[in-house]
Structures are given as C-alpha cells and as structure tokens.
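**Q** missing the sequence, but the structure's below:
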Ligand SMILES: C[S@@+](CC[C@H](N)C(=O)[O-])C[C@H]1O[C@@H](n2cnc3c(N)ncnc32)[C@H](O)[C@@H]1O
C-alpha cells in the first residue's frame, strides 16, 4: 500500500475533525442544559454588570474548588455564543467578566418570556434515552423509537405519567409564550376581523391567553386532551374545552394549531384538518385555519436553519409519526383535506405562519 501523500493526510485529518465536531455536538447541548439547571443566565443577568468567575462561583454557592471547572464550562458556552466576556476594573486590576447574550437572555428562568423549560424538557433523560433505540427501531416493527424504548407512544406516556405530562406542557407553554408574543406584536393582522378563535391542541393555554390579552374582542378557547387542560390556569379570559380533535372541535371563525400537525402523519393531518373545516365559516365569511409550523425550504433556508430543521425532523421521527414538511407536502395535505388555498408567511425564524382557507 502506497504511503499517504501530505494532501491525503490533510484530507483524512479534516474528515476526522468533521467526525469529532459532530460526535461532540451533544456536549454543547448538555453544557447548555447544565447552565440552565444551575440558573447561570439569571445569576449573570441579575448581577447587573460583568460577573467575574469568582463572583459567579460565589453566587452559585458551589465549592470554590469547582472554580477551574466552571471556568472551562463557561469557556465553551462563551465560544458557543451563550455568554460574552467583557473587561472590567476589579480589585485585582483589569479582570474579565461574563455577560449574557440574546440567546442566554432567552434562557433566564425568571424572564417573562423564557425558553428554559423547553431546553430542560428536550434534554430530559427520559427523552434522551430513546436515542439509544433508533437503530434497533429501524430494524424492528414498532411505530417509533420512543415506543420501542417505552412500550407506549409518547402521548400515552404523557397521559399516564403526571411528571412527564407537566414537563411536556411546561416546555410547550414556554415555546408558545415566546412565539405568540412575536405574532401578536408584529403580525396582529392575522387576527383581523375574527370574533372567535380556538387553539386546537393548545396545551395549557399560553397562546389563547396571549391572543385574548392582545385582542379582547376575540373570544378565545383552548382545546386539548382532558389530562392537559386539567392544568390550564384558571382565567376568565379564555374558555377551556377538553376533547379529541379527531372526533370534534369547538366551532370558531378561526382555528389555530401551533406545533400540532408536525406531530402527525400526512393522513392524520388530513383527518384533523377535515374536522377543522367542518367547524369554520366559509372563506368569504372569514373562516380560516392558522398554523404555526416549520416549512423546510431547501432553496432559501441557510445552512444552519436547514440543519436545525432537519434535526427537529429526526427528533419528531423519534417520538411521533410526524415530520417537518416542505411546502409541496403541506400543499397536498391542504388540498386532500378540502381546503382551496393557503398563504405562507415565513416570518417566525424557523417557523412560519400558514393561513389555510376553506
Ligand atoms: C406539541 S404539543 C403543542 C402544544 C401547543 N400547541 C404549543 O405549541 O405550545 C401538541 C398538543 O396536541 C395535543 N393533542 C394531542 N392529541 C390530541 C387530540 N387527539 N385532541 C386534542 N389535542 C391533542 C397534545 O396534548 C399537546 O398539547
């Protein structure tokens, strides 16, 4: 065998670096989870000025022997853009202090809009363990790897185990509060002319409450499975209805489904949307279905967005019969469910507002 040329060696090393880079992506996720568990974004935010390592260790109330380890965790999280470092004049001359960045600002548990519950649920050990079953699931007959690992579907486990129900509901609510705060502030025209709206699969009502607060003339209802709506906080602003969206949905001018259809197969989406169409007015009378969902778009998505959407898609595959869809797949579902037209507003970063008209 001929010895490797320098060029070949260079290529091999690049290939190895690529393998390592992706091999250790989980370290990014788990380090982020650790920071959220420890409340580091809140602590640095509340400090009000750049926070030195020793101040951070003191505020975390951890043993000072952990200082060098905390420095290494923070070095990675600074590299990943979750924190930044600024120079400050301290007791020991010029020192460096950590500050939060827009991503870690979203991970403050105390913030009004926070994604911390979402991070903690997505990286909970009860979900992570299912990844170990992905390859054997491919070789077997179960519907999902989650089912292979647990003997039940994710929705069945959430219905049976109160801790998982709450973990999931809180996670969904944190994402819902985040995305709807942008929709009502910047794309409120979506709700123009509506007298009533039902948030189908609306979890514990974060979206319905935000719309009712911003547009008090719209009568808002949250509709979800009974074990989920049992946890909707008491409020006079929204109605709460429990049921099964495959059987019947409360009528309204508009139905909103956020992150619901991506959890179901194309056939099931058609069934759900047919039920939706039965209970909304005609297009001329203002009837519509509003979806807040991802549209995979190989032509316009940048590399990072595409990677995130594809990761999310495989995650959906792990735990559900759903998927992240391209526009032509959405379009076929809408047509098969009997809808006449749709409009995609790609204005929510990784997700879009999709209006579907009867
Ligand atoms: C991914 S969560 C999305 C929750 C909420 N829309 C959000 O984005 O925060 C999907 C929701 O659909 C609900 N769901 C699942 N099957 C349902 C059914 N057959 N009828 C009504 N709701 C259902 C779940 O309980 C869950 O709350």
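**A** Looks like it arrived, so ask away. Predicted, not measured: the structure shown is a model, and the values here were computed from it.

**Q** confidence score at residue 8?
**A** Residue 8 is assigned a pLDDT of 88 by the prediction.

**Q** Then residue 236?
**A** Reported pLDDT for residue 236: 84.

**Q** now do the one 4 residues further on
**A** With respect to pLDDT, residue 240 scores 96.

**Q** Beta-bridge partners for it, please?
**A** Beta-bridge pairing for residue 240 (DSSP bridges): residue 222.

**Q** Could you verify that residue 135 is part of a helix?
**A** Yes: remark: residue 135 belongs to a helix, assigned using DSSP: H, G, I helix; E, B strand; the rest coil.

**Q** Could I get the contacting residues of the closest residue to residue 219 other than its chain neighbours?
**A** Residue nearest to residue 219 in three dimensions, not counting chain neighbours: residue 196, with 4.4 Å by Cβ to Cβ, 6 or more residues apart in numbering. Using the backbone N, CA and C atoms, a C-beta is placed for each residue, glycine as well. Applying Cβ atoms under 8 Å, 6 or more residues apart in numbering to residue 196 gives the contacts 218-221, 251-254.

**Q** What is the neighbour count of residue 111?
**A** 16 (other Cβ atoms under 10 Å).

**Q** ok so, going back, could you tell me how far the residue nearest to residue 219 is located from the ligand?
**A** Distance check for residue 196 against the ligand: by Cβ to the nearest ligand atom, to the nearest Å, it reads 18 Å.

**Q** and if you look at residue 95?
**A** From residue 95 across to the ligand, the span is 42 Å (Cβ to the nearest ligand atom).

**Q** Let me know the pLDDT of that residue.
**A** We have a pLDDT of 89 for residue 95.

**Q** From residue 51, how far off is it?
**A** 10 Å (Cβ to Cβ, to the nearest Å).

**Q** Could you check how far the one helix or strand residue 256 maps to is from the centre of its chain?
**A** In this assignment (DSSP states H and E), residue 256 forms part of strand 254-258. Strand 254-258 has its C-alpha centroid displaced from the chain centroid by 17 Å (Cα atoms, centre = their mean, to the nearest Å).

**Q** Can you tell me the SS state at residue 62?
**A** Using three-state DSSP, the structure places residue 62 in coil.

**Q** Isn't it up against residue 70?
**A** Yes: taking Cβ atoms under 8 Å as the definition, residue 62 is a contact partner of residue 70 at 7.3 Å.

**Q** So which of the contacts of residue 196 is surrounded by the most neighbours?
**A** Greatest neighbour count in these, by other Cβ under 10 Å, goes to residue 220: 27 neighbours.

**Q** Let's verify that residue: helix, strand, or coil?
**A** Three-state call for residue 220 (three-state DSSP): strand.

**Q** which residues does it contact?
**A** By Cβ under 8 Å, 6+ apart, the contact set of residue 220 is 196-199, 208-209, 211-212, 237-239.

**Q** Quick one, which of the residues you listed are buried?
**A** Among the contacts of residue 220, those classed as buried by 16 or more other Cβ atoms under 10 Å are 196-199, 208-209, 211-212, 238-239.

**Q** Narrow these to those in helices?
**A** Assigned to helices by DSSP state H, the following of the buried ones among the contacts of residue 220 qualify: 208-209, 211-212.

**Q** ok, of those residues, which one's closest to the ligand?
**A** When those are ranked by distance to the ligand (Cβ to the nearest ligand atom), residue 208 comes first, at 9.6 Å.

**Q** hang on, that closest one packs against residue 219?
**A** No: with contact taken as Cβ under 8 Å, residue 208 and residue 219 are classed as non-touching, separated by 10.0 Å.

**Q** And the nearest residue to residue 66 once chain neighbours are set aside, how far from residue 107?
**A** Leaving out its chain neighbours, the residue that sits closest to residue 66 by Cβ to Cβ, 6+ apart is residue 57, at 6.7 Å. Taking Cβ to Cβ as the measure, residue 57 falls 19 Å from residue 107.

**Q** Neighbour count for the two, which is higher?
**A** Legend: neighbour count by other Cβ under 10 Å for residue 57 and residue 107, higher for residue 107 (25 against 20).

**Q** related to what we said a few turns ago, just flag the most distant two among the ones in helices among the buried ones among the contacts of residue 220.
**A** 209 and 211 (7.5 Å; Cβ to Cβ).

**Q** Spatially nearest residue to the residue in the stretch 151-300 of the chain that the ligand sits nearest to, not counting backbone neighbours?
**A** Proximity of the stretch 151-300 of the chain to the ligand (Cβ to the nearest ligand atom) peaks at residue 201, 2.9 Å away. Excluding its sequence neighbours, the residue lying closest to residue 201 (Cβ to Cβ, 6+ apart) is residue 260, at 3.7 Å.
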